[in-house]
Structures are given as structure tokens and as C-alpha cells.
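Enquirer: Here is my input, please return the structure:
(2 chains)
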There are 2 protein chains.
Amino acid sequence: MSKIEKMVQSITPRDDDFARWYTDICTRAELCSYSSVKGCIILRPYGYAIWELITAELDRRFKATGHENVMMPMFIPEGLLQKEKDHVEGFAPEVAWVTHGGDEQLSERLCIRPTSETLFCDHYAEIIQSWRDLPKLYNQWVSVVRWEKTTRPFLRTREFFWQEGHTAHATAEEAVKETLDMLDLYAEFFENALAIPVLRGLKSDSEKFAGAVQTFTVEAMMHDGKALQSGTTHYLGDGFAKAFDIQFTDKDNTLRYVHQTSWGISSRSIGGLIMVHGDDEGLVLPPAVAPYQVVVIPIAQHKEGVRDEAVKLVEQLKAVGLRVLLDDSDRMPGWKFSEHEMKGVPIRIEIGPRDIKEGQCIAVSRDNREKTAISLQQVAKEVPVLLAELHKRIYQRAKRNLEDRIYDVDDWESFVETMATVPGFIRAGWCGSPDCEAKVKEVTTATSRCISGQDVPECALCVVCGKPARHSVYWGKAY
Amino acid sequence: MSKIEKMVQSITPRDDDFARWYTDICTRAELCSYSSVKGCIILRPYGYAIWELITAELDRRFKATGHENVMMPMFIPEGLLQKEKDHVEGFAPEVAWVTHGGDEQLSERLCIRPTSETLFCDHYAEIIQSWRDLPKLYNQWVSVVRWEKTTRPFLRTREFFWQEGHTAHATAEEAVKETLDMLDLYAEFFENALAIPVLRGLKSDSEKFAGAVQTFTVEAMMHDGKALQSGTTHYLGDGFAKAFDIQFTDKDNTLRYVHQTSWGISSRSIGGLIMVHGDDEGLVLPPAVAPYQVVVIPIAQHKEGVRDEAVKLVEQLKAVGLRVLLDDSDRMPGWKFSEHEMKGVPIRIEIGPRDIKEGQCIAVSRDNREKTAISLQQVAKEVPVLLAELHKRIYQRAKRNLEDRIYDVDDWESFVETMATVPGFIRAGWCGSPDCEAKVKEVTTATSRCISGQDVPECALCVVCGKPARHSVYWGKAY
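Expert: I've put the predicted structure just below:
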């Protein structure tokens, strides 16, 4: 089968087989490719361009809030990993170990960072001496490795790309504030850059980060009703500080331990983009992270003046800061339409001899395929409006999908039945006991996604055991 | 000793002990810190900010010339590394091996990429089928690992940061052109962004990349007369294509092997910045890669109006796109002067009550400490001029250092004597024999840095054996 046929051939319909539809988009939109390294993917130019835009959006937000980028080594000596007891228990079973450098066996094994708390703590112990050195608001953009058994492109791979923030503060209050501020930053990023609405809340103890006092999360709902944990922020307390002896001389000349946080968002957010916005024609990208926000396709481009007008159009759009692709390849227009729909380009502009005569072009929005005739004089003004409207539309659609699929349930039978038959989240009371939580997982495979910040009504009961509820929890099946 | 005293304490003078001066700058300017991982460094915020600017400068150039970023896995299966014979011979002795994932031994060892030709070739074999798929102009920004015995910050570390370009072309001519174009791009980058003049030329066979047909290099001269290989571009021919079976159907329907290139610049360029421009007060940064191009220091900042005027100044400078730091901390001005000189900030602006009365501020250039009074109305116009002049001055100074230290020598005795006593490069004829090259290395520890593109006079002789010279070569001791 030729490449052209493959490209215009439709993908598995989303409602027939969501998992195959997902991987079809990953490969057909050329986001990634499987590699010869089991469980690792190759980010192809289009997929990597999306990741570059995601990193730029986040990095801008981090820097605006006073964070600085650094770069730690990719290795953690075994002894360093073991310093914080809970942390090593959580991560040791899934790290990759380097045992040899060239032909020589290393005297101490090194793991490849699964996360870098231990490296940051080791560094902080060296550079933090006085209250003057605080806070330290560091972040790094790296890949990390976790030896997962089952993997899926973007969602779970042995090597994945992320940012990890690591901060140290003089007081617990400051560190808690940072933990919550970063959670808000993440939620704002998902909503305004990725057009993905999220629930934010606290993780239960069984779901929290290894070594954290508290883990907060932003959870998104995919089109199939499953949850995607999309970003987490951790309040680490002073546990790491004690394990790594990170002390500072405070203003009153007393030695105190720092209080720390860490937080991360990864390349799985690309998986979220696919599963929240994609449709049967392929990807649908929010403009902020679309490598090309507009593709201009000349129709009957061999005819005099058509290509020139298309080039002028492109220049007008670039002049207002848009990312624009001119597709003047020798493919047929229909092939180009399919290809750029597959790649989720937000706006396609068609311009042919008749349009030019009428002094206009036709803009087609990727999400609803609505066509708008735009005067050639007005494109620089109108196209940004169309992009903003598209963002709003796909956000609202995703928000409805989230809100419509949150079910309030108050008895165990309905809980089990709903979880078995209706995709989505259940909001229900929980007494706080790990046994009840474990029972939910065992019976339904769902987990507590997050504890909502809302007050629990006095009369509310735990959906599992019927005792008074201490928390209102969102439960769901997750990727 | 307190931190303040450490900061104003002077570093080892450059001419007393160049090596100690170098590491003093690395740590005092807070570029990097030693880590608990032997041979690996931590890039601190200031050092990483320089690297971010270097990557931005290069990335912009790569994209403008049609290159796309991708991301390969960090692992190479042992079998894949072994596919190209010369390549594996060159790299296997210095790779780090992953043997275990969690508790389980891997069925095939994975090395951490020392460079990624094999991964790109494996991918190219999958995605290249037709002449329509060519050229592929890929690049990636990653860290790589080489298990070096002796390490020095930035210059040689077990993990280092770089970009690696990997391209595939339909013809040898195109690939050779890419190899030379990228060499020119590198030279232009060094001169215009880093203010570092370079020699460009061909590597001898013994110095070329493992698996390449030809390796080209840009070589810079450090303040102490030693060479720093600063970037290399490799013409790989079709050797990798044959080993990995990367064939395409050409326009005439014939199956052909692609011709490939690879090229890289690494974080050692930060070492070059230090050793070319630095002085006894610390770093001197060219404006293009200075995290702060200007630092504004209010004098007697507690006096009414001083801080306000300083803030206005900062805003004016930011408005014209400059990176500006306002240092209104409670340190003494003298301490601040030393600190920002150590960090190589190109322009320092002092503004105090008397200046304000006179409607001016004082700009001090980092390299020559020249003071310029600038009207407060003119700063946005004048400061960019001062920055451009500084760039030009430090480039010219580096160029003189390079040119003045190239010695033309035509007999072996003078060669040995010059190399032993005068730091710099020797330009001399070479017959092309590996034996003569080896003898130079054995007797003088110098190596052939590059073969100049200039024609060799007919009468020229090999400086080692006295036979007719085939090449004019730059010889030198290198980092």
C-alpha cells in the first residue's frame, strides 16, 4: 500500500475501539514512532514540536513566578537514593541500574533518575546555609526512567519527558503555599493552553508520592470517561531535609530544617490532548500548542496568481505572530485536507481562483468544520478571532464531558453498578479508611482520583462502609 | 569564612595558575557545582541560563535552515550499537551499561547513548522509502554519556549536554554540502554569538569521528594558547546506510542508499567562553549569551527617589528587549560590583543622587571598565550601542590572541622547540602519513587540530619527515 493511500485511509473510529483509535492517531499524525528500545518511543518532529510548545508555555509561567532552571546529573548513586526511606521503597523496584562504565564494573551502582528529589536535596544541603539563601525555587526539564511493565505511547513509557520543580523554603507555611500555587498554575495551564478542564484536589495517602506529606493533583477526564492524572504537586515537609541534613541559620540565629516541595508535568499531557480533543478524523489541537495554527492550501495552484495570493496570505498571518504552514506540495487538495485534519491544525484556509476574484478566502475550523468566508483584507484580524473561538469551543465541549459524567452516588450497590456500566467519575463520601479505599479498587478497579476541597455535609456517609464521611472524593478508572 | 567574604575575595590570578583560575570561575560565578556523581556536574541557575541562551541561538539557526527537532530514546541496545563496525569500536570502551531494570536482569544490555547515529539510522530505515522522504534534517537537544577517566567542568564530563544533528540525503553531493554548511553555521555562531573566532578545517583520519568518511572541525584558541575543539560536522557517506539498510526509491525507480551527516556542539562551549574572554575579576560574557546584559545598581538607594529612578531605568532598558537585573539588595555597592564582574555581566549601570541631579547615569563596560556618562533620556539608545561595542572589542581581542599565536615553522627542530616553549598553534606542512602525525604527538603531546583548506605551495615540505607536504596543518595542544 502506498503512503498516500495510507494517509487518506481513515483511522479506527473512536467509539469502536478507543485504544486502537488512540494509537492510530499517535502514528498517523506522526507524533511518535516505536523504537528498538522496548517501552521507549521516538518523538517525531510533529510530536516534539507540540512538546516544545508545551514546555515554552510552562517555562514562561515558571519564570514569571520566580523559578530558575538548573540541570542535575541523570544518575543517582545507590546510597543517595536510599537516604529517604519511603522514597526509596517507592522507586527502587522500577529503576534502571547502570553497573558498568566501559569494561569496568562500578564500585557503586547508579540508577537513572526516576525523579530527582535526592539529587536536589544533596545539592541543597551544600548551597543552603542562611535564611538569605531561601527560598530556592528550582526546576529542570529532563527525561526520567521508570522500568514499567506495560507501556503506551505518551501515557506510560519507560523513558518520559517532564519538568520537575524542587523548592526549599524557610517555613512549612511557605512550602504549603508553593504546593498550592503550583497546583493552580498547572490548572490554569491546562485550561488556557491545552483547553483541558481539570479537577484539582488532594490525593489519598495510598496514592501520594513516595516521601511526601501531601500530594495534590490535577485530574482530567478523557473522552472515554477515564481519568488522566495530569500533574501533581507535593508538599514534602521536612522529611527529606532531615534525611539529607538541609539546615539553615534563621534570622534569630537558630538552625532550622527547610521545608520542601516538588511538582511535575510530563509528556503524557500530549496523550491527554489526543484523548480529550481528538475525533474520527484525527487530532484536534488547541491553538496555543499547535505547531501550525493555520495551514494555507492553494486550490488549483497552477493557475496564475493563486500561489502568489496564498503567499501573501501566509505573510499577513505570520506578521501578526501566527504559526502558518503553506502547503503548496503537489498532492491533491483532498489529500492535504485529510492530512492536516489528521494533524489537528486548528484552521485550514483554502484559496482558489474564484475566491481571489471575490477578494476572499475560506477558513475551515478543525473542530466543527464550519466554513467562514473572510475578506483578504481582514484575515490578519479575523483568523486570531477564529482561533480564540475554537479554543473556547473545544474547552467548553471538554468541560461538558467532564461535568456531565460526574455522578453523585451514596450507596455501595449503586457505586459498583455505576462504575461497571457508566464511564466517568463518581463523587461520593469516604470515611478516610484505607480499607474502604482498597475495597473500591478491588471490586471496581477504580481508584480515588482526588479529595475535593469542598466541605462534606454533616449527614454524608462513606459509600463503602456507611460510617460518617470525612471527605468528598472523586473516584474513577484511570490511565 | 562568611559567604560575603568569599565572594569579594579574589580568585587565583589567570597567569599564576590557569587551571585553578578556570575552576575558581566555574564555582565563584556559580556556573556549576560538583555533584555526588563522580565526573558529573550540576548546572546551577546562572550556568544553565547561559546554556539556554546558547541553545536558543543555535536552535534559531537550525530552524531557519530547515532542520526539525526530534527526540530519540536515551538507550541503545547492545546489538544496535554494534551494527557499524568502526562506530562501535570507537565508542564501546567508554559507554555506561544498564544491565538491570528494577530487580530483573535485562536480556540485552542497553548502553546510554554516547552519540545517537545508530538510533537515527534505525529510525531512518523505517521512515525513509522514497525520494519524496528526503532530505531528512533532524536534530535533538539531549545529554549524552561517555565514561571518561579524567574530567573537568564543562570541558570533559561523563554526562554532557549537546545538540546532535543527523541528516539523510539522496546524494553524496548534498550530504557533503550539508556537512560544510553546518560547519559554516557553527563558525558564524561562535563569532557572532560567543565572540569567539575559530579556525575551520578537516580533521586528519586519526582524529576523525568513529564511522565518518570525513570530519570537519571549528577550533578555538584559549587564552593560554591551547586549542578547544568546539564543534564538529561529519560526512558519514553511505557506510551507516549500508549497515542499517537505509534505502530509498529514487525518481528513476532505482533503489539507492542515502548519504548521511551528523554534527554537534556541546556545553563545553561554556568552557570556551570562560577561557577565551575571562580575566582576573571573573567571567566576561558576550551580550548574546549573557543571562543579564545589564545590571543596574542604585547608589545610596535609601535616599529619596534613587530606587524609583533605577526602576525607571530598568523599565526603559527592558522595553528595548534587553535582559536587565536590578540589584537593590542590601549588600554594599562594592560587593555588588565584584559579584556582577565575577558573573561577567557586560554592562553595569550605577545611578545615585548626584547622577539623578545631573540627569544621567554611569555605564561601566565589563571588559575594559571604561565609564560612560549617559543621559537618562538616552539609555535605551546608548546601552545597546555599548553592548555591540563590547562584543566587537572582545571578539577582536580574541582574534588577535589567535592570530598572534599561529607560528609558521618549517623544520622539525624549530617545531619541537616552539611547541615546548611558546603556547599557540604551529602551521606547518604535513606529508599525510599517520607515522609523522603520531611522531608529533609522541614527542610534543600536540595533535593535528585541523587541515587548512588553503593550497599547499609546491615547495612545501612535511615538517616531520621532509618529504613533499600534501597538507597545511594547524598543530596544537588541546583541551
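
Enquirer: check contacts around A:A227.
Expert: A:E219, A:A220, A:M221, A:F425, A:R449, A:Y474, A:G476, A:K477, A:A478, A:Y479 (C-beta atoms under 8 Å, 6 or more residues apart in numbering or on different chains). For glycine as for every other residue, the C-beta is placed from the backbone atoms N, C-alpha and C.

Enquirer: Return the closest of the residues you listed with respect to A:S269.
Expert: Lowest distance from A:S269 to the contacts of A:A227 (C-beta to C-beta) belongs to A:A220, with 8.9 Å.

Enquirer: can you tell me the helix or strand for the spatially most central residue of chain A?
Expert: Geometric centre of chain A, nearest residue: A:S269, 2.2 Å, by C-alpha atoms, centre = their mean. Assessed by DSSP states H and E, A:S269 sits inside helix A:268-277.

Enquirer: downstream neighbour of that helix in the secondary structure list?
Expert: That would be, after helix A:268-277 and using DSSP H and E, strand A:294-298.

Enquirer: Can you tell me which helices and strands that next one packs against?
Expert: With contacts taken as 3 or more C-beta pairs under 8 Å, 6 or more residues apart in numbering or on different chains; DSSP states H and E, strand A:294-298 sits against helix A:306-319, strand A:324-326, helix A:333-342, strand A:347-351.

Enquirer: highest average neighbour count across the ones you listed?
Expert: strand A:347-351 (a mean of 24; mean count of other C-beta atoms under 10 Å in any protein chain shown).

Enquirer: which stretches of chain A aren't confidently modelled?
Expert: By pLDDT under 70, the weakly predicted segments of chain A are A:1-9.

Enquirer: Phi first, then psi, for the residue located most distally from the centre of it.
Expert: What lies farthest from the middle of chain A is A:E304; by C-alpha atoms, centre = their mean that is 45.8 Å. Main-chain torsions, A:E304, degrees, to the nearest 10: phi -60, psi 130.

Enquirer: try A:Y138
Expert: phi -110, psi 150.

Enquirer: So it sits against A:E68, correct?
Expert: Yes - with contact defined as C-beta atoms under 8 Å, A:Y138 reaches A:E68; the gap is 5.9 Å.

Enquirer: Give the residues shared as contacts by those two.
Expert: In contact with both A:Y138 and A:E68: B:P45, using C-beta under 8 Å, 6+ apart.

Enquirer: Which one of those two is surrounded by more residues?
Expert: A:Y138 (25 against 17; other C-beta atoms under 10 Å in any protein chain shown).

Enquirer: which parts of stretch A:292-302 are buried?
Expert: Neighbour-count burial for stretch A:292-302, with 16 or more other C-beta atoms under 10 Å in any protein chain shown as criterion, is recorded at A:Y292, A:Q293, A:V294, A:V295, A:V296, A:I297, A:P298, A:I299, A:Q301.

Enquirer: How about stretch A:276-294?
Expert: A:276-279, A:281-294.

Enquirer: ok, now stretch A:242-261?
Expert: Quick answer for stretch A:242-261 (16+ other C-beta under 10 Å): A:A243, A:F244, A:I246, A:Q247, A:F248, A:R256, A:Y257, A:V258, A:H259, A:Q260, A:T261.

Enquirer: now swap in stretch A:150-160 and tell me
Expert: Here stretch A:150-160 shows A:T151, A:R152, A:P153, A:F154, A:L155, A:R156, A:T157, A:R158, A:E159, A:F160 as buried, counting by 16+ other C-beta under 10 Å.

Enquirer: Format those as JSON lines; extra columns: secondary structure.
Expert: JSON lines is the format used below for the buried residues of stretch A:150-160 (DSSP: H, G, I helix; E, B strand; the rest coil):
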{"residue": "A:T151", "secondary structure": "coil"}
{"residue": "A:R152", "secondary structure": "strand"}
{"residue": "A:P153", "secondary structure": "coil"}
{"residue": "A:F154", "secondary structure": "coil"}
{"residue": "A:L155", "secondary structure": "coil"}
{"residue": "A:R156", "secondary structure": "strand"}
{"residue": "A:T157", "secondary structure": "coil"}
{"residue": "A:R158", "secondary structure": "coil"}
{"residue": "A:E159", "secondary structure": "strand"}
{"residue": "A:F160", "secondary structure": "strand"}
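
Enquirer: Output those in TSV, with distance to chain B appended to each entry.
Expert: Below are the buried residues of stretch A:150-160 laid out as TSV (distance: C-beta to the nearest C-beta, whole Å):
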residue	distance to chain B
A:T151	12
A:R152	15
A:P153	13
A:F154	12
A:L155	16
A:R156	14
A:T157	9
A:R158	8
A:E159	6
A:F160	11
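
Enquirer: now what about stretch A:403-420, what contacts it?
Expert: By C-beta under 8 Å, 6+ apart, stretch A:403-420 touches A:221, A:225, A:422-429, A:440, A:443-444, A:446, A:460-461, A:463-464, A:466, A:474-475, A:477.

Enquirer: Among those, name the ones in strands.
Expert: Counting by DSSP state E, the contacts of stretch A:403-420 place A:M221, A:F425, A:I426, A:R427, A:A428, A:G429, A:Y474, A:W475 in strands.

Enquirer: Please report how far the nearest residue to the fifth one once chain neighbours are set aside lies from A:W475.
Expert: Leaving out its chain neighbours, the residue that sits closest to A:A428 by C-beta to C-beta, 6 or more residues apart in numbering or on different chains is A:V463, at 3.8 Å. When distances are taken as C-beta to C-beta, to the nearest Å, A:V463 and A:W475 turn out to be 8 Å apart.
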